[in-house]
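In: The following comprises the amino acid sequence and a computationally predicted model.
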Amino acid sequence: MSSCLRHLSASWNGRRLVHTALALCAGFCVAAPTLAVDLTIRPEQRAAAQKVAEAGVPLSELAENAPASHTVQTGDTLWDISKLFLKSPWRWPELWGMNLQQIRNPHLIYPGQVLVLDTSNGRARLRLAGSAPDEPQAGVAPSNTVRLSPRVRSQVLDNGAIAAVPLQLIGPFLNEAVVLNTDELAAAPRVVATQEGRVMVTRGETGYVRGDLGGANEFRLFRESVALTDPETNQTLGHEARFLGTAEYTRPAGSATPAGAKEAVPVPATIVVTSARQEIGVGDRLSAVPQREFVAYMPHPPASAIGGRIVSIYGDAMSAGQNQIVAINRGSRDGVERGHVLALWSDGAMGVDRTDGQRTRIKLPDERVGTLFVFRVFDRVSYALIVSSTNPVRRGDRFSQP
C-alpha cells in the first residue's frame, strides 16, 4: 500500500480522490510501481456533450421532479447527480454538455458547488451558480497541494472531486475477482504447511509455501478455481479463482540436512497473512499482486448491439440484488468495455395456459428489471455491478443494450 501512495502526489487533493485511490487499492496494490489516475474524456463522450451544448436537452429527457438546483455533497457521485436531473443516469455527456464551458471535465466537480437547472426556451441546461472566491471551479483543481503518505490510509481529506460511480462497491473486486483462461492455479506456488501445524491460518499468522514465487513480495491467495459455464451453450468460459486474502513474503526458501540424514531436504519459503477474507490452509495457491492502473470510470452504452446472460453471482449466492456483483458471458472479444452500461432483464417464468382446455406450456416475456455497470473485463467473461434491480437477479437472466 505504501508503495502505491508514495507515487500519488495529489495536486487535486481531497476526500473523494483519496477515497477513490484507497477504495481501489484496498490493501492489494503494494507491488504496483506507479499509480496513474486516468481522467481522459472519451472522444464520443466529448462529441455528444458538444452536440448537447449547442441546444441543451429536451425537457422530455429530464427526470420526473428534477430539482431546480442541487448542491453537490460529499459522498455524491456523478451517477447520483445525473439521476436527479435525467431519466437515464448513465448519460454523462448530456449532463456535462448542458454547460460545456463551465463544466469542462465531469470528473472534476466538487462538494459545495451548486448546479442550477435552466429550462428556458423549452430546453434544459445545467450551469454552476456563482462561486465564492475560494471555491474550486469545475474542472480546476483546488490550489492547495497535498503530498500523500502511508498515513492517508486511515485518513481522508476534505473538498475533493466527486467520483463518477460508487467505487467503494467495486474497488475490492478489482483484484479479488479473477478469471483464468485455463486452470493456471494448478501450477501456482502453494501453501504446504502452516504455523505450528494449525489446520488453517488467518491475518497475522504464518504459512510456508513451495513453488516459483517469481521474485514478488506481495501475493493474493486463492482456493481451487471454479469453471464458469455459459448458460446458453454450456461451454466453459474460464475459471474463476476463489479469493481468500493477501500475504507478504518474509523469508526465502532453502534447504537443510536434518540430524542423522545423508541428504538435504527443501525448506519452504515463509509468508505472513496480511488480510483474510477466508481462512487459509494447506493446498491454497498464491499469485503475485498485479500492477494496477486506476481509471476514472465513465459509463457509456455499447457502440453496437450486444446481449447475453448472467453466468454466476459472485460469492456463490443463488440470487443477487442492488450493489452486488455478477459475471456475464461476454468479454473483450465480444466488444465489452469497462464502463459499459447494460439493461438487465429477468428471465420470464415457465407456466401453463389452463384456459384453452389443452394445458399448453407457455413462457412469460422477459421483463426489464434493472441496470448493470461493467467494471472488469476478461477475454470471454466480465464482471458487472448491479446498479439497480427491482427483482432478484439469477443465473441465466438476460442483459442487452440499455
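Out: Yes, it's here.
In: now the nearest residue to Gly307 once chain neighbours are set aside, which residues is it bridged with?
Out: The shortest distance from Gly307 to any non-neighbouring residue, by Cβ to Cβ, 6 or more residues apart in numbering, is to Ser400 (4.5 Å). No exception for glycine: its C-beta is placed from N, CA and C like everyone else's. Counting by DSSP bridges, Ser400 forms beta bridges with Gly307, Ala343.
In: ok, which stretches of the protein are helices?
Out: 2-6, 15-25, 43-55, 78-85, 92-97, 167-170, 173-176 (DSSP state H).
In: Can you give me the domain boundaries for this protein?
Out: Under the assignment automatic domain parsing, the domains of the chain span 2-170, 177-288, 301-400.
In: now those as CSV including mean neighbour count?
Out: Formatted as CSV, the domains of the chain follow (neighbours: other Cβ atoms under 10 Å):
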stretch, mean neighbour count
domain 2-170, 17
domain 177-288, 16
domain 301-400, 17
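In: Redo these as JSON lines? Include mean pLDDT.
Out: Below are the domains of the chain laid out as JSON lines (pLDDT from 0 to 100):
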{"stretch": "domain 2-170", "mean pLDDT": "57"}
{"stretch": "domain 177-288", "mean pLDDT": "90"}
{"stretch": "domain 301-400", "mean pLDDT": "91"}
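In: what's the spacing between the residue nearest to Gly307 and Thr233?
Out: 18 Å (Cβ to Cβ, to the nearest Å).
In: Could you do Arg330 as well?
Out: As defined by Cβ to Cβ, Arg330 lies at a distance of 12 Å from Thr233.
In: Same question for Asp212.
Out: For Asp212, the distance to Thr233 - Cβ to Cβ - is 35 Å.
In: do the same with Ala193
Out: Ala193 is 42 Å from Thr233, where distance means Cβ to Cβ.
In: For His239, which non-adjacent residue is closest in space?
Out: Ser225 (3.8 Å).
In: List the residues that contact that neighbour.
Out: With contact set as Cβ atoms under 8 Å, 6 or more residues apart in numbering, Ser225 has these partners: Leu180, Asp183, Leu185, His239, Glu240, Ala241, Arg242.
In: Tell me which other helices or strands the longest strand along the chain touches.
Out: In the chain, assigned by DSSP state E, the strand with the most residues is strand 236-251. Where contact means 3 or more Cβ pairs under 8 Å, 6 or more residues apart in numbering; DSSP states H and E, strand 236-251 is packed against strand 178-180, strand 218-229, strand 269-276, strand 280-281, strand 285-288.
In: what bridges to the spatially closest residue to Ser69 that is not a sequence neighbour?
Out: Take Ser69 and drop its neighbours on the chain: the residue closest to it by Cβ to Cβ, 6+ apart is Val116, 4.6 Å away. Bridge pairing for Val116 (DSSP bridges) gives the partners Ser69, Arg127.
In: Correct me if wrong: Val116 contacts Arg125.
Out: No: Val116 is not in contact with Arg125 according to Cβ atoms under 8 Å; the separation is 9.1 Å.
In: so how far is Glu176 from Gln168?
Out: Distance of Gln168 to Glu176, computed by Cβ to Cβ: 14 Å.
In: what do you get for Gly396?
Out: Gly396 sits 24 Å away from Glu176, going by Cβ to Cβ.
In: can you check Asp316 too?
Out: Per Cβ to Cβ, Asp316 is found 14 Å from Glu176.
In: now Leu228
Out: 15 Å.
In: Then Ser88?
Out: 30 Å.
In: quick revisit: closest one of the contacts of Ser225 to Ile81?
Out: Glu240 (34.2 Å; Cβ to Cβ).
In: mind listing what that closest one touches?
Out: Ala177, Val178, Val179, Leu180, Ser225, Val226, Ala227, Leu228, Ser312, Ala327, Val381.
In: again, but for Ser319
Out: Ile313, Pro392, Val393, Arg394.
In: Would you mind measuring the gap between the ends of stretch 62-69?
Out: 13 Å (Cα to Cα, to the nearest Å).
In: Give me the residues contacting it.
Out: Lys83, Leu84, Phe85, Leu86, Lys87, Val114, Leu115, Val116, Leu117, Thr119, Ala124, Ala129.
In: ok, the third one touching Arg125?
Out: No: the pair formed by Phe85 and Arg125 falls short of the contact definition of Cβ under 8 Å, at 10.5 Å.
In: and for the two, which residues touch both?
Out: By Cβ under 8 Å, 6+ apart, Phe85 and Arg125 have these common neighbours: Leu117.
In: Go ahead and confirm Thr371 touches His340.
Out: No: counting by Cβ under 8 Å, His340 is not a contact partner of Thr371; they are 10.9 Å apart.
In: Right, I'll leave it there.
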